[in-house]
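Participant: Need coordinates for the following:
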Amino acid sequence: MAVIVKYVVERNGEEKMTFTSKSEADAYDKMLDMADEMFALLSESDLFEDETKQEELSMFLAQNREEVLVALGAKKAKPAPKTVKPEVVADEQQQDAA
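Facilitator: Below is the predicted model of the structure:
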């Protein structure tokens, strides 16, 4: 018999998501907290009459927290990883073959 530990994120008595690691569950819970705060902020605006769209935007902003912080200037963007051009790799392989 195996023992499986599950971490359940619950909001207002409703199960939202189940995880196998505490850190993933905590991260998801934190993201939901951010979405709740964004929803409260957006509700102060007259931009959204449709509450569903307001919820969707709140979740989107919370899920893309890092990009939002970069866009607001609160955080610097991470440099793009360096990639090797395919022709350079092909040239090196031809030189190795010679």
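
Participant: Just give the closest residue to the residue most central in space within the chain, not the sequence neighbours.
Facilitator: Centroid-nearest residue in the chain, with CA atoms, centre = their mean: Gln63, separated by 3.8 Å. Leaving aside its sequence neighbours, Gln63 sits nearest to Met31 (CB to CB, 6 or more residues apart in numbering; 6.4 Å). Heads up, the C-betas are built off the backbone N, CA and C, glycines and all.

Participant: just how off-centre is whichever strand or helix holds the one you found within its chain?
Facilitator: Element membership of Met31, judged by DSSP states H and E, is helix 22-43. Between the centre of helix 22-43 and the centre of its chain there are 11 Å (CA atoms, centre = their mean, to the nearest Å).

Participant: Contacts for it, please.
Facilitator: Helix 22-43 has contacts (CB atoms under 8 Å, 6 or more residues apart in numbering) with 7-9, 11, 16-17, 19, 48, 54-55, 57-59, 61-63, 65.

Participant: could you redo the last one with a cut-off of 6 Å?
Facilitator: Helix 22-43 is contacted by residues Tyr7, Val9, Met17, Phe19, Gln54, Ser58, Met59, Leu61, Ala62 when judged by CB atoms under 6 Å, 6 or more residues apart in numbering.

Participant: From the residues you listed, keep the buried residues only.
Facilitator: The neighbour-count test (16 or more other CB atoms under 10 Å) applied to the contacts of helix 22-43 identifies Tyr7, Val9, Phe19, Gln54, Ser58, Met59, Leu61, Ala62 as buried.
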